[in-house]
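In: Just to be clear, the model below is a prediction. Sequence and coordinates:
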Amino acid sequence: MGTATVITSGKGGTGKTTSSAAIAEYLAAAGRSVLCVDADAGLKNLDLCLGMASCASAYDYGDVLAGRCGVDQAVSAHPDIPGLYLLSAPVEQGETGLPELIAQVKGSYDHCIIDCPAGIGFGFREACAGADGAIIVSASDPSSCRDSGRVVQELSALGIKECRLIINRVRRGVLRSSGATLDDAIDSIGARLLGYVPDDRNVILAAMNERPLSLWGKGQAAEAYRRIAMRILGKKIPVK
């Protein structure tokens, strides 16, 4: 039986979808079978981050839940990364039952990575209800940290106790100038650190070229996500 991990954040713009895609890519590169589920109905972008905008199935999980197609028809294989698959979100939030669908499909994959909508509304609860654990993606500023701390509380209320943290778009010079530290952010959020990702223009460049970050092959962020994926697999890789 595979595991389902929801990637979430307290607010939009933290790099949650980029993180979902990159983690999934590196897990697949390590030989695991990985299903990416875009649970952000209405604002789906996971196909873009994966470089699958032109090859994703015309069906989405809304079609599966409504009985218009089977799961196999809605799941698309990545053209360049063996073992990586995508199940897209519907254009509009409609059909309920995503948690039950996650429970069904995760048995066919080693990892199910769920890209969650930002915030703590209905879409958040649907995406999280089918997950075994969560990764919170946060920036280091006080507003992001406060929102991420609230997400940790909501996840606990939903019964998800395994919560890990990625501090994204880290600019250490800015932190030093403000007198803040990454430890301050971790303490205020209250989740176990999984890794830091430095602010890196290559993330934007890869997205603009519709290339997966793992295949773009440049920059510190790609290496940071590779190390994060290895930690998810239980490798003892130091955080740096």
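Out: Structure received. Numbering: from 1, shown residues only.
In: which residues sit against stretch 216-232?
Out: The contact list for stretch 216-232 (CB atoms under 8 Å, 6 or more residues apart in numbering) reads 5, 19, 22-23, 25-27, 29-30, 166, 194-203, 205-206, 209, 213-214, 237, 239. For glycine as for every other residue, the C-beta is placed from the backbone atoms N, C-alpha and C.
In: out of the residues you listed, which are buried?
Out: 5, 19, 22-23, 25-27, 29-30, 166, 194-200, 203, 206, 213-214 (16 or more other CB atoms under 10 Å).
In: taking the residues you listed one by one, which sit in helices?
Out: With helices taken from DSSP state H, the overlap with the buried ones among the contacts of stretch 216-232 comprises Ser19, Ala22, Ile23, Glu25, Tyr26, Leu27, Ala29, Val203, Ala206, Leu213, Ser214.
In: Would you convert the residues you listed into TSV that also reports distance to Val91 and pLDDT?
Out: Below are these laid out as TSV (distance: CB to CB, whole Å; pLDDT from 0 to 100):
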residue	distance to Val91	pLDDT
Ser19	23	97
Ala22	25	97
Ile23	25	98
Glu25	25	98
Tyr26	29	98
Leu27	28	98
Ala29	30	97
Val203	26	95
Ala206	25	94
Leu213	25	96
Ser214	27	96
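In: Confirm for me that Cys55 is in contact with Asp80.
Out: No - between Cys55 and Asp80 there is no contact under CB atoms under 8 Å: 9.8 Å.
In: Least confident secondary structure element in this structure?
Out: Sorting the helices and strands of the chain by mean pLDDT, DSSP states H and E puts helix 172-178 at the bottom, at a mean of 63.
In: which stretches of the protein have low pLDDT?
Out: 94-95, 173-180, 240 (pLDDT under 70).
In: so what does the top helix by length along it touch, helix or strand wise?
Out: If you go by DSSP H, the chain has its longest helix at helix 142-157. With contacts defined as 3 or more CB pairs under 8 Å, 6 or more residues apart in numbering; DSSP states H and E, the packing partners of helix 142-157 are helix 122-129, strand 133-138, strand 163-170, helix 182-189.
In: so what strands line up beside the third one?
Out: Put plainly, it is strand 163-170. strand 133-138 (parallel), strand 192-198 (parallel) (DSSP bridges).
In: Could you dump these into JSON lines with distance to Leu86 added?
Out: Converted to JSON lines, the strands paired with strand 163-170 look like this (distance: least, CB to CB, whole Å):
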{"stretch": "strand 133-138", "distance to Leu86": "18"}
{"stretch": "strand 192-198", "distance to Leu86": "22"}
